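>>> Sequence plus predicted model, see below.
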Amino acid sequence: MRDIAELTEEDLTRSLAYAGFVLVAYELVKSLIVGPIKAFYSNITFGPEMPFKTYESDVLSRHKNEFEACLLYLRDFMEVIDSDDLLAIQGLRKHRNDLAHDLVERLSQLDIAEYWPAA
């Protein structure tokens with residue numbers, strides 16, 4: 001295991017660029033999932049015969065984390081993603097969290113080729 005001080009400028013640049021890519025990708029995926037669902041429910045009242053109620057009851061009641069709740073809503077209520085899709089998105093979320101919360105420690109250990117074979 002290398003120390004961060006042992007990284008070459010090129011390795012450090014590559015690792016930071018990769019970490020930035022993962023952080024941005026996660027935020028884009030999150031906004032593409034949460035935003036449209038929130039927009040669908042905003043400023044509308046559904047009639048009693050509709051399968052939709054409110055954002056709070058249909059979506060937020062599924063999980064305490066809004067993003068996770070939206071994923072469960074898309075899988076269980078709307079049935080537009082399956083469990084494999086959900087696991088893939090959660091994998092991106094976990095990888096993002098690992099990088100974001102332990103970036104300094106992870107920089108010297110990051111094997112980009114493990115995640116990004118073309119690197």
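It's in. What you are looking at is a predicted structure, and each value in this text was computed from that prediction instead of being measured. Numbers count the residues shown, from 1 in each chain.
>>> Residue 30 versus residue 21, what's the distance?
From residue 21 across to residue 30, the span is 15 Å (C-beta to C-beta, to the nearest Å). (Each C-beta comes from the backbone N, C-alpha and C, glycine too.)
>>> Name the residue in those two with the higher neighbour count.
Neighbour totals were compared for residue 21 and residue 30, and residue 30 leads with 18 against 14 (other C-beta atoms under 10 Å).
>>> Name all residues that make contact with the more buried one.
residue 67 (C-beta atoms under 8 Å, 6 or more residues apart in numbering).
>>> What ranges does this structure have for its helices?
Assigned by DSSP state H, the chain shows helices spanning 9-41, 55-58, 66-72, 83-101, 103-107, 112-115.
>>> which of those helices sits most buried?
helix 66-72 (a mean of 19; mean count of other C-beta atoms under 10 Å).
>>> what sits up against that helix?
30, 33-34, 37, 59-63, 81, 86, 89-90, 93.
>>> Closest to residue 14 out of these?
residue 93 (22.7 Å; C-beta to C-beta).
>>> I'd like the distance between that closest one and residue 26.
Computed as C-beta to C-beta, the residue 93 to residue 26 distance reads 6 Å.
>>> same question, residue 36
On the measure of C-beta to C-beta, residue 36 and residue 26 end up 17 Å apart.
>>> my read: residue 103 touches residue 22, true?
No. Proximity of residue 103 to residue 22 does not meet the contact threshold set by C-beta atoms under 8 Å, at 10.4 Å.
>>> what stretches of this structure score poorly on pLDDT?
1-2, 108, 110-113, 115-119 (pLDDT under 70).
>>> From residue 91, how far off is the residue nearest to residue 63 when sequence neighbours are not counted?
The spatially closest residue to residue 63, leaving aside those adjacent along the chain, is residue 69, at 4.1 Å (C-beta to C-beta, 6 or more residues apart in numbering). For residue 69, the distance to residue 91 (C-beta to C-beta) stands at 18 Å.
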